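Participant: here you go, sequence then predicted model.
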Amino acid sequence: MVVVYVEEAGELTQQALAFARFLAEPLHGFAAGEALEVGGVETLHVAEGEAFASYAPAAIAAALAELAERLSPSAVIAAGTQRGNEVLAHLSARLDLPFAANCVAATPGDLFAVTRVRWGGSLLEDARLDGGLKLLTVQPHSVAPEEASATTAPVERFTPELDDADLLVRVVERVPAAAGGVSLAEAKVVVSAGRGVGSPEGFAIVEELAGLLGGAVGCSRAVTMAGWRPHTDQVGQTGTKIAPDVYIACGISGATQHMAGCKGAKTIIAVNTDPEAPILASADYAVIGDLHEVVPAISAELRKAKGA
């Protein structure tokens, strides 16, 4: 049996379910606070209580530990999101067990042989995961998602025992993002820019192009560090990992950390003045030129094709 932490009812959860099903069956799901609509699991176990009204990683780990003690699964698996990795890190510390993050492959057995992404995606590490209970997360977009089942799993609710230490870190307020637009993580087209845009106002041409393509706007870490765009727009190892059909990177050099976030893109188009920029080694197409000239020119052709 494998327990899968259902952070949200979306594609990344379906990827984690596909990964887990290869290792063992049956699959059981675990959710904190809310019974999310998820198929493909025998039972969805939902931790209830005021502690789960918001995100509290240590409390969620405590609930997972209690569930694992009751069900005795061979593994607990989560999507390799920021929250998935954080919750399983807490669970690892609580149970004093090893934890393998961002796995792309695993072999069933008494000792799981796992392959995981290291150093921002620049290398793959083969390792063996010891311990009676295996803890691992699945690198986003590294496996095909399991088809979502039309049947919602039966729900079993329980109230875990928690102490004050489990609530020391929790979300106390949420600030909603600006309404409208396409989600960066799910967009089929992403247009990103780096510090080469020159200023926050420089993103106007990037936003125009993304709008014409029905896509989302992304950026590099340097841009968020400069305060030009929110962290939610950042593509990279410490930002959002994306897998669009088309990724257009404007004025982005292509540091390892950035490429770790966009390596799942089917087609990468780079616009850069530097013919030696590292991103060109990963690009399917490249335009050597000033983004302030190239991007408006592309937008003009798109408007012409649309008759606008």
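Facilitator: Alright, I've got the coordinates.
Participant: mind checking the SS state of residue 51?
Facilitator: helix (DSSP: H, G, I helix; E, B strand; the rest coil).
Participant: which residue sits closest to it, ignoring its sequence neighbours?
Facilitator: Counting by Cβ to Cβ, 6 or more residues apart in numbering, residue 51 lies nearest to residue 59, which is 4.4 Å off, once chain neighbours are set aside. For glycine as for every other residue, the C-beta is placed from the backbone atoms N, C-alpha and C.
Participant: so what touches stretch 19-30?
Facilitator: For stretch 19-30, the surrounding residues in contact (Cβ atoms under 8 Å, 6 or more residues apart in numbering) are 1-6, 17, 38, 40-47, 63-64, 67, 71, 73-77, 103, 106, 108, 112, 138, 143, 146, 153.
Participant: mind listing what's buried in the helix or strand containing residue 294?
Facilitator: Here residue 294, judged by DSSP states H and E, is contained in helix 291-306. Residues of helix 291-306 classed as buried: 291, 294-295, 298-299 (neighbour count, 16 or more other Cβ atoms under 10 Å).
Participant: okay if I get those residues as CSV plus pLDDT and distance to residue 240?
Facilitator: As requested, the buried residues of helix 291-306 are exported to CSV (pLDDT from 0 to 100; distance: Cβ to Cβ, whole Å):
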residue, pLDDT, distance to residue 240
291, 95, 21
294, 96, 24
295, 96, 21
298, 95, 23
299, 96, 24
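Participant: distance to residue 256 for these - can I get that in JSON lines?
Facilitator: As requested, these are exported to JSON lines (distance: Cβ to Cβ, whole Å):
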{"residue": "291", "distance to residue 256": "22"}
{"residue": "294", "distance to residue 256": "25"}
{"residue": "295", "distance to residue 256": "25"}
{"residue": "298", "distance to residue 256": "27"}
{"residue": "299", "distance to residue 256": "30"}
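Participant: out of these, the closest to residue 169 would be?
Facilitator: Among the buried residues of helix 291-306, residue 291 lies closest to residue 169 (Cβ to Cβ), at 40.2 Å.
Participant: who touches that closest one in this structure?
Facilitator: Residue 291 touches 193, 196-197, 205, 250-251, 271-273, counting by Cβ under 8 Å, 6+ apart.
Participant: let's see it at 6 Å
Facilitator: 196, 250-251, 271 (Cβ atoms under 6 Å, 6 or more residues apart in numbering).
Participant: then residue 222 would be within a strand, right?
Facilitator: No. Assignment of residue 222 by three-state DSSP gives helix, placing it outside any strand.
Participant: what number of residues lie near the nearest residue to it once chain neighbours are set aside?
Facilitator: Nearest residue to residue 222, sequence neighbours excluded (Cβ to Cβ, 6+ apart): residue 195, at 4.6 Å. A count of nearby residues for residue 195, using other Cβ atoms under 10 Å, gives 18.
Participant: about what we covered before: out of the contacts of residue 291, which are buried?
Facilitator: The neighbour-count test (16+ other Cβ under 10 Å) marks 196, 250-251, 271 as buried among the contacts of residue 291.
Participant: that concludes my questions; thank you for your assistance.
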